[in-house]
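A.B. asks: Build me a model:
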Amino acid sequence: MSKPTPTASELEILNILWEKEPQTVKDIHEKLAEIKEVGYTTTLKIMQNMHAKGFLRRKLNGKSHLYSTITKKEETQGRLLDRFLDSAFSGSASGLVMQLLGNKKTSKQELDEIKRIIDKMENEK
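C.D. replies: Below is the predicted model:
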């Protein structure tokens, strides 16, 4: 069975934790409240669910729990990208890249970096 992928709300919490670990629910809730309106109990419940799903580990620290991530950011991003690629582009990496480049938001600097990566990949073969 494949590992689950996080929901949008879970991903917001993971991003906060990837910046600094471990943190309490209170710490995470305060950072979430800066970007959206969310209740403390909602944050707590999401984090409890994330622990049950295997996204977070927790350690008792006095009266509160300290939460940290189980998977690395890059691993989670890879799973999310694979899922998106399969569902939205039928697994076609070139289709994804063409859509991204066609959206007119790609800067010259980003295009240069993409070219550098492609050149490096071609030279490794």
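A.B. asks: Domain boundaries for this structure, per the record?
C.D. replies: Under automatic domain parsing, the residue ranges defining each domain of the chain are 1-91, 92-125.
A.B. asks: Run through the chain and note the low-pLDDT ranges.
C.D. replies: When the per-residue scores of the chain are filtered using pLDDT under 70, the ranges that remain are 1-2.
A.B. asks: how about the strands in it?
C.D. replies: For the chain, the strands defined by DSSP state E cover 56-61, 64-69.
A.B. asks: what's the most buried one of those?
C.D. replies: Of all those, strand 64-69 has the most neighbours on average by mean count of other C-beta atoms under 10 Å, namely a mean of 18. The C-beta positions use only the backbone N, C-alpha and C, and glycine is treated the same way.
A.B. asks: helices or strands next to that one in the packing?
C.D. replies: Applying 3 or more C-beta pairs under 8 Å, 6 or more residues apart in numbering; DSSP states H and E, one finds that strand 64-69 contacts helix 8-19, helix 25-33, strand 56-61.
A.B. asks: if we can go back for a sec, in a markdown table: the strands of the chain, plus distance to residue 41.
C.D. replies: Shown next, in a markdown table, are the strands of the chain (distance: least, C-beta to C-beta, whole Å):
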| stretch | distance to residue 41 |
| --- | --- |
| strand 56-61 | 17 |
| strand 64-69 | 15 |
